[in-house]
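Peer 1: Have a look at this prediction, sequence included:
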Amino acid sequence: MTPQDNNIIISVEDLKKIYQLGNQEVKALNGVSFDIKRNEFLAIMGPSGSGKSTLMNIIGCLDTPTEGTYFLNGKEVSSFSENELAYIRNQEIGFVFQVFNLLSRTTAFHNVELPLIYKGTRKKAREEQVKRALKMVEMADRMYHRPNELSGGERQRVAIARALVNDPSILLADEPTGNLDSKTGQEILKLFHKIHSDGNTIIIVTHDTNVASQAQRIIYLKDGKMEKEEKKGATS
């Protein structure tokens, strides 16, 4: 059934993901259902092996469920063509990873520019969008530095600028502070709050309770199932 609420950007229903490892079946997800509203700040928590990375890959259209349905903007993702999925990954969803995934031999500017090159954006428009994205993460004065000339926090800011350069509606972050010291991690979380206040939907996958506590709502996974859900000021 298609979600009727226009305020819901993501809806997953009874998601299951089964991996076949030799003769053994591993249920990475075993019947997960929830909705995410537009401009919500959500954290997905769980120990190693809980299914949170599998769930993130499905939400990011990097993987498909074995069973269940995933609706993005009211449309069932399984009905999308490969071209439509590529468009979503390039423009609808911005990805931020624990390892910054920056090209080491090129500048911050060029790293942020790459999604626009893949999209076919003209050079002048590319330059404007890259500079705007780097300014947004307070890296405009470091745009011509290579990753090895930047601190860990600065590299993560560049990675966030790259995720934002196509103006995605959803920012999907996997352990975004995992490789950072606590002070730098707090600065990155402050940046996420700023991006959220600008209207983006943010989903952070983490095992860190301090990171998860920044979100408006936390979904806890355990053994591939939703164990509980917690909203600021309430638990269910």
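Peer 2: Nice, I can see it.
Peer 1: Which helix runs longest in the protein?
Peer 2: Ordering each helix of the chain by length in residues (DSSP state H) puts helix 182-197 first.
Peer 1: Tell me which residues are up against that helix.
Peer 2: Outside of helix 182-197, the residues that reach it under the criterion C-beta atoms under 8 Å, 6 or more residues apart in numbering are 39, 41, 136-138, 151-153, 156-157, 160, 164, 171, 173, 176-177, 180, 202, 204, 211, 214. For glycine as for every other residue, the C-beta is placed from the backbone atoms N, C-alpha and C.
Peer 1: Weed out the non-buried ones from the residues you listed.
Peer 2: 39, 41, 136-137, 152-153, 156-157, 160, 164, 171, 173, 176-177, 180, 202, 204, 211, 214 (16 or more other C-beta atoms under 10 Å).
Peer 1: Sort out for me which of these are in helices.
Peer 2: Under the assignment DSSP H, the buried ones among the contacts of helix 182-197 contribute 136, 152-153, 156-157, 160, 164, 211 to helices.
Peer 1: between those residues, which is nearest Ile10?
Peer 2: The closest of those to Ile10 turns out to be Leu164 (C-beta to C-beta; 18.5 Å).
Peer 1: That closest one contacts Ile93, correct?
Peer 2: No: counting by C-beta atoms under 8 Å, Leu164 sits too far from Ile93 to count as a contact (11.2 Å).
Peer 1: Just the element for the nearest residue to Glu76 once chain neighbours are set aside, please.
Peer 2: Leaving aside its sequence neighbours, Glu76 sits nearest to Thr69 (C-beta to C-beta, 6 or more residues apart in numbering; 5.8 Å). Using DSSP states H and E, Thr69 falls within strand 67-72.
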